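J.: From the sequence below, what's the structure:
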Amino acid sequence: MQFVDEPKGRTEDVAAHFAETFTAAEGPLEGALIGGLVRELLTDTPPRDLHVFLACEGEAIIGGAIFSRMRHDQDARQVFILSPMAVVPDRQGQGVGQALLRHALAALRAQGVDVALTYGDPAFYAKAGFAQITQAQAAAPFALQQPEGWLGQSLTDAPFTPLKGAASCVGALRKPDLW
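T.: Numbers count the residues shown, from 1 in each chain. Below is the predicted model of the structure:
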């Protein structure tokens with residue numbers, strides 16, 4: 001397995017990976033929704049606001065993690081949110097996702113990102129250093145359907161401290177039904 005950062009020219013391959021993985025896990029409607037989200041993230045988000053990390057075997061994508069910028073209007077820290085992440089079904093439970101997350105978080109840390117957020121399964125993401133947070137600690141751009149899945153971590157030597165101000169996200173994530 002090798003990691004690919006910022007894969008150029010693979011928009012359709014990456015979108016297909018996410019669509020197929022989410023279709024297998026949650027059905028065709030979710031697959032189409034997430035595939036469309038990924039395509040929009042990759043085509044409409046300014047490069048400075050997006051980090052894409054892939055786990056590959058040869059040319060085959062077996063895992064993907066997409067981080068996009070979030071802003072809190074009274075906080076100068078660089079914040080990125082992981083959304084979405086997917087590992088192909090036949091490789092789940094084999095450490096691909098955790099290895100990909102460790103690689104991605106190390107790369108973000110090296111690039112000066114201060115805080116990583118995500119919205120997902122606390123048991124899975126806790127293994128990569130994420131901890132449950134509240135909206136008082138980091139506002140979300142929209143109401144959270146499952147607040148227990150709101151997670152964050154500091155990527156600096158300092159502990160996670162509350163992010164100040166109202167939150168905003170990139171355009172592709174600016175849809176209340178995603179939250």
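
J.: okay but Gly31 is in contact with Ala15, surely?
T.: No - counting by CB atoms under 8 Å, Gly31 does not reach Ala15; the two are 10.5 Å apart. In short, each C-beta sits where N, CA and C put it, glycine included.

J.: Now do the helices in this structure.
T.: Listed in chain order, the helices of the chain (DSSP state H) span 11-26, 28-44, 96-110, 122-126.

J.: for the record, mean pLDDT for the shortest one?
T.: Spelled out, it's helix 122-126. The average pLDDT for helix 122-126 rounds to 94.

J.: same question, the third one
T.: Helix 96-110 shows an average pLDDT of 97 in the prediction.

J.: returning to that earlier point: redo the helices of the chain as CSV? Include distance to Pro84 and mean neighbour count.
T.: Formatted as CSV, the entries for those read as follows, by distance: least, CB to CB, whole Å; neighbours: other CB atoms under 10 Å:
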stretch, distance to Pro84, mean neighbour count
helix 11-26, 6, 18
helix 28-44, 6, 17
helix 96-110, 12, 18
helix 122-126, 13, 15
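
J.: how about CSV for the ones you listed, with distance to Gly58 added?
T.: As requested, the helices of the chain are arranged in CSV below (distance: least, CB to CB, whole Å):
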stretch, distance to Gly58
helix 11-26, 12
helix 28-44, 21
helix 96-110, 14
helix 122-126, 26
